[in-house]
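> Here is my input; please provide its structure:
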Amino acid sequence: MSYGFKIMVEGDYACFTRPELKVERVSYDVPPPGALEGLLKSVYWKPAIRYVIDKIIVFNPIDFVSIRRNEVKDKVKYSVIKSQMNGNGGDPCIYTSESISQRSSTVLKNVKYGIEFHFELTGLKSENEAEGENKHYNIIKRRLEKGQHFRVPCLGCSEFPVTRMELVEDFDERLISSSIMGQGDVDLGFMCYKVIFEDGGKPKNGDWQNPMFSDKADTVYYRPHMVNGVIDVRKYREELKC
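Numbers count the residues shown, from 1 in each chain. Next up, the predicted model:
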């Protein structure tokens with residue numbers, strides 16, 4: 001039995017931030033596989049499975065628009081929260097009027113992607129049995145068919161939600177924009193593939209009831225080509241570079 005899926009995803013805007021240009025946000029031309037894995041985790045996720053992106057199809061022309069956004073530049077300090085919990089006072093709140101920073105962003109508009117993916121068992125909190133695979137497959141399929149999610153799937157940034165997500169039997173590549181088809185074979189250069197956390201998804205304290213995860217991670221890159229709108233991620237997976 002195949003445990004792969006194909007979905008269509010659309011959105012008004014998307015921003016897959018280039019790490020080298022993160023002060024003034026500039027999006028990649030196409031979504032990194034890691035960003036799409038995060039999108040799928042909004043639909044369904046358990047420690048027992050991991051998503052693997054196999055193919056990305058870009059249907060609409062790659063159009064950018066520049067916008068300005070108010071962003072909060074500070075983070076709540078762990079030390080202040082801990083101090084308040086211990087009864088030693090301290091204000092953990094961030095007041096946006098005092099912490100606002102206006103930044104320019106170059107984002108994608110009117111995006112439409114076809115995403116082919118499958119899932120694999122991780123062996124975490126699971127007995128790695130065929131019945132487990134079948135269970136996860138049926139849950140994912142049902143949630144995609146019904147449009148269910150436990151948080152709104154987004155396209156890179158939380159303020160750019162997915163406006164349409166549909167499970168399909170196959171992709172109609174005749175709908176790929178003529179401007180995309182006209183580009184032929186496009187070298188997309190080195191792109192972020194995903195971020196891999198040091199803990200591998202397991203709590204560093206070994207306690208699943210009160211888990212503590214590591215923030216240490218490495219960014220993995222790859223150099224894909226988009227051929228007539230299609231990025232065959234499987235083809236480039238062996239070329240991953242840390």
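
> and the least confident helix or strand in the chain by mean pLDDT, how far out from the chain's middle?
Using mean pLDDT, DSSP states H and E, helix 78-85 stands out as the lowest-scoring helix or strand of the chain, at a mean of 79. Its chain's C-alpha centre and that of helix 78-85 lie 31 Å apart, by C-alpha atoms, centre = their mean, to the nearest Å.

> repeat for stretch 66-74
Worked out by C-alpha atoms, centre = their mean, stretch 66-74 lies 20 Å from the chain centre.

> again, but for stretch 140-156
13 Å.

> and the longest helix along the chain, what's its mean pLDDT?
With secondary structure taken from DSSP state H, the chain has its longest helix at helix 130-146. Per-residue pLDDT values over helix 130-146 give a mean of 87.

> With stretch 167-174 instead?
Stretch 167-174 carries an average pLDDT of 93.

> State the three-state secondary structure for the residue nearest the centre of the chain.
Geometric centre of the chain, nearest residue: residue 35, 2.0 Å, by C-alpha atoms, centre = their mean. Following DSSP: H, G, I helix; E, B strand; the rest coil, residue 35 is assigned to helix.

> With residue 199 instead?
Going by three-state DSSP: residue 199 is coil.

> is it true that it touches residue 214?
Yes. Here residue 199 reaches residue 214: they are 4.0 Å apart, a contact under C-beta atoms under 8 Å. (C-beta placed from N, C-alpha, C; glycine too.)

> Which stretches in the chain count as strands?
Assignment of strands within the chain using DSSP state E yields the ranges 4-14, 25-26, 49-58, 63-72, 100-121, 154-155, 157-161, 164-167, 185-187, 191-197, 217-222, 225-227, 230-231.

> picking up where we left off before, the longest helix of the chain packs against which elements?
Here helix 130-146 touches strand 4-14, strand 100-121, strand 164-167, going by 3 or more C-beta pairs under 8 Å, 6 or more residues apart in numbering; DSSP states H and E.

> Can you tell me what sits against the least confident helix or strand of the chain?
Residues from elsewhere that reach helix 78-85 (C-beta atoms under 8 Å, 6 or more residues apart in numbering): 89, 90, 91, 92.

> tell me, how many neighbours does residue 213 end up with?
Close neighbours of residue 213, defined as other C-beta atoms under 10 Å, add up to 14.

> got a list of what it touches?
Residue 213 makes contact with 197, 199, 203, 204 under the criterion C-beta under 8 Å, 6+ apart.

> Contact partners for the third one?
Looking back up the chat, that one is residue 203. Contacts of residue 203 (C-beta under 8 Å, 6+ apart): 211, 212, 213.

> Which of those residues sits closest to residue 111?
Nearest to residue 111, judged by C-beta to C-beta, of the contacts of residue 203 is residue 213 at 30.8 Å.

> do you know how far the residue nearest to the centre of the chain is from residue 77?
Distance, residue 35 to residue 77, using C-beta to C-beta, to the nearest Å: 28 Å.
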